[in-house]
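Trainee: sequence plus the predicted model coming up.
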Amino acid sequence: VQLVESGGGLVKRGGSLRLSCAVSGFTFSNAWMTWVRQAPGKGLEWVGHIKGKSDGGTTDYAAPVKGRFTISRHESENTLYLQMSGLKTEDSAVYYCTTADTGYVPPDYWGQGTLVTVSS
Amino acid sequence: QSVLTQPPSVSEAPGQRVTISCSGSSSNIGNQAVSWYQQLPGKSPKLLISYDDLVHSGVSERFSASKSGTSASLAITGLQSEDEAIYYCASWDNSLNGHVVFGGGTKLTVL
């Protein structure tokens, strides 16, 4: 299993950014994919997930990002996306793309993370 | 505040045994699988344990875990300096639509 995030960077408050996660080594369409973030010096925070196709492919989001972030997947490109808009300074964090061997469990596999910094 | 509660820090001498606790509720640990991760500085979390007590492939057998009711614990025996890291517990939480929850992390210092 390989998960490689990209797209992080410096963005102004209120701006938008799209993170990508290139995946390989597993059946992407049926995989539950989860974004987890970690603010500098802080713990891990669930951002949201997208269920596998066989489980409906639906998404769910943490309250702080609901309505501003959107998770999607492009199956033919084996890529997961996190579209972030209306960014706030408190969204500054390393964003990890993660997956598990099944649903309804914490992640088994993590990417290396990509840093998002939101300036005021 | 994290949904799962861990002590902020623990410390122990090399060669000794240390345990890290993780407390939750019936909507998560009490009825769902628990995972444990090790995070070294500047690195992404590494899975140590899944499904409460299943040691992940390639992880040292010095690591073990258990669960009782709404609490879980990670044990590390024969402490080594390389074990110095932050350890996180995690579980699925059935509340609302269901999502992953994490502990706040425990910094292990090998004295």
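Mentor: Right, received. Where do you want to start?
Trainee: other SSEs contacting the lengthiest strand in chain B?
Mentor: In chain B, ranked by residue count with DSSP state E as the criterion, the top strand is strand B:85-93. Applying 3 or more Cβ pairs under 8 Å, 6 or more residues apart in numbering or on different chains; DSSP states H and E, we find strand B:85-93 packed against strand B:18-23, strand B:34-39, strand B:71-76, strand B:99-102, strand B:106-110. C-beta here means a position set from N, CA and C on the backbone, and glycine is covered the same way.
Trainee: give me the neighbour count for A:Ala62.
Mentor: Neighbour count of A:Ala62, defined by other Cβ atoms under 10 Å in any protein chain shown: 17.
Trainee: before we move on, back to that, redo the helices and strands packed on strand B:85-93 as JSON lines? Include mean neighbour count and distance to chain A.
Mentor: Output for these, formatted as JSON lines (neighbours: other Cβ atoms under 10 Å in any protein chain shown; distance: least, Cβ to the nearest Cβ, whole Å):
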{"stretch": "strand B:18-23", "mean neighbour count": "20", "distance to chain A": "12"}
{"stretch": "strand B:34-39", "mean neighbour count": "25", "distance to chain A": "4"}
{"stretch": "strand B:71-76", "mean neighbour count": "21", "distance to chain A": "12"}
{"stretch": "strand B:99-102", "mean neighbour count": "24", "distance to chain A": "4"}
{"stretch": "strand B:106-110", "mean neighbour count": "17", "distance to chain A": "10"}
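Trainee: for A:Thr98, find the nearest of those strands.
Mentor: Proximity to A:Thr98 (Cβ to Cβ) singles out strand B:99-102 among the helices and strands packed on strand B:85-93, at 8.6 Å.
Trainee: send me that closest one as PDB with only the CA atoms.
Mentor: The C-alpha coordinates for strand B:99-102 follow below in PDB (Å, rounded to 0.1, in the frame of the first residue of the first chain):
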ATOM      1  CA  HIS B  99     -16.100   8.400  12.500                       C
ATOM      2  CA  VAL B 100     -12.600   7.700  13.800                       C
ATOM      3  CA  VAL B 101     -11.600   9.200  17.100                       C
ATOM      4  CA  PHE B 102      -8.100   9.600  18.600                       C
END
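Trainee: what about that strand, average pLDDT?
Mentor: Averaged over strand B:99-102, pLDDT sits at 97.
Trainee: elements contacting that strand?
Mentor: Looks like strand B:99-102 contacts strand A:33-38, strand A:44-50, strand B:85-93 (3+ Cβ pairs under 8 Å, 6+ apart).
Trainee: please repeat the previous calculation with a cut-off of 7 Å.
Mentor: Where contact means 3 or more Cβ pairs under 7 Å, 6 or more residues apart in numbering or on different chains; DSSP states H and E, strand B:99-102 is packed against strand A:44-50, strand B:85-93.
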